[in-house]
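1. Got a predicted model here, sequence first, then my questions.
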Amino acid sequence: MSNIATKLAPTALEQIVEGLTQAVAEVAVETLKAQNYHWNVTGMAFGPLHDLFQEIYEDHFEAQDELSERVKALGAHALGRYDAFLKRSKIAECDGDIPAEKMVANLLADQETLAGTLNALAAASDEHGDLITADLATERAAKHEKFAWMLRAHLAG
């Protein structure tokens, strides 16, 4: 029995694992940021934002596992240290002591970043014939685009 990892050229496998690892790092940082905002949001939109932030961090916690398990399925080491996530991530931490509107704007920008990271991973994976990773990345990108739309709606008007 063979798997996709044994069929990929070493450079292709390295590129795909790198993309997965980047996605894991960014999702991990975003998970904690959304949870932090969930704890600290205040104001007239407290209820809906508290719930939305929880939906985001719960989704992202599961995503970390799915993406990391794909790294392992490809025979690579899954990154599991928060300091390493912070070094790699294009998403920055925030202490959560900001107005609700800024929280929404920050998470919106981050969701767009995540969608871009995952779209690039999907394209690279598809190009190299790793349709499982391409499918996973496409599905995750769609979730991040949906969260971006939901956050953008809170800033409209």
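-> Ah, there it is. Numbering: from 1, shown residues only.
2. Starting from V41, give me the distance back to L118.
-> Here the distance between L118 and V41 works out to 26 Å (C-beta to C-beta, to the nearest Å). C-beta coordinates here come from the backbone N, C-alpha and C atoms, glycine included.
3. Could you check which of the two is surrounded by more residues?
-> A count of neighbours by other C-beta atoms under 10 Å puts L118 above the other of L118 and V41, at 28 against 22.
4. So the closest residue to that one other than its chain neighbours versus N119, what's the distance?
-> Leaving aside its chain neighbours, L118 sits nearest to A141 (3.8 Å; criterion: C-beta to C-beta, 6 or more residues apart in numbering). Remark: distance between A141 and N119 (C-beta to C-beta) = 5 Å.
5. still on that earlier bit, quick one, what contacts the residue nearest to L118?
-> Residues counted as contacts of A141 (C-beta atoms under 8 Å, 6 or more residues apart in numbering) are L114, A115, L118, N119, A122.
6. where does the chain have low pLDDT?
-> 1-6, 157 (pLDDT under 70).
7. next structured bit after the helix with the most length in it?
-> Selection of the longest helix in the chain by residue count, based on DSSP state H, yields helix 10-40. Sequence-wise, the next helix or strand beyond helix 10-40 is helix 46-73, with elements assigned using DSSP states H and E.
8. and the next element down the chain from that following helix?
-> Secondary structure here is assigned by DSSP H and E; on that basis, the next helix or strand after helix 46-73 toward the C-terminus is helix 82-88.
9. Can you list the buried residues in that next one?
-> F85, R88 (16 or more other C-beta atoms under 10 Å).
10. hang on, the earlier thing: roughly how far apart are the residue nearest to L118 and S125?
-> Taking C-beta to C-beta as the measure, A141 falls 12 Å from S125.
11. Name all residues that make contact with the residue nearest the centre of the chain.
-> By C-alpha atoms, centre = their mean, the mean C-alpha position of the chain lies nearest to V27, the distance being 3.1 Å. By C-beta under 8 Å, 6+ apart, V27 lies in contact with H60, A63, Q64, L67, L114, R140.
12. Farthest pair within the residues you listed?
-> Across the contacts of V27, the two members that end up farthest from each other (C-beta to C-beta) are Q64 and L114, 11.7 Å apart.
13. Neighbour count for those two, which is higher?
-> Residue environment comparison for Q64 versus L114 gives the larger neighbour count to L114, 27 against 20, counting by other C-beta under 10 Å.
14. Test my guess that L13 contacts A73.
-> No: in this structure, L13 is not within contact of A73 by C-beta atoms under 8 Å, at 11.6 Å.
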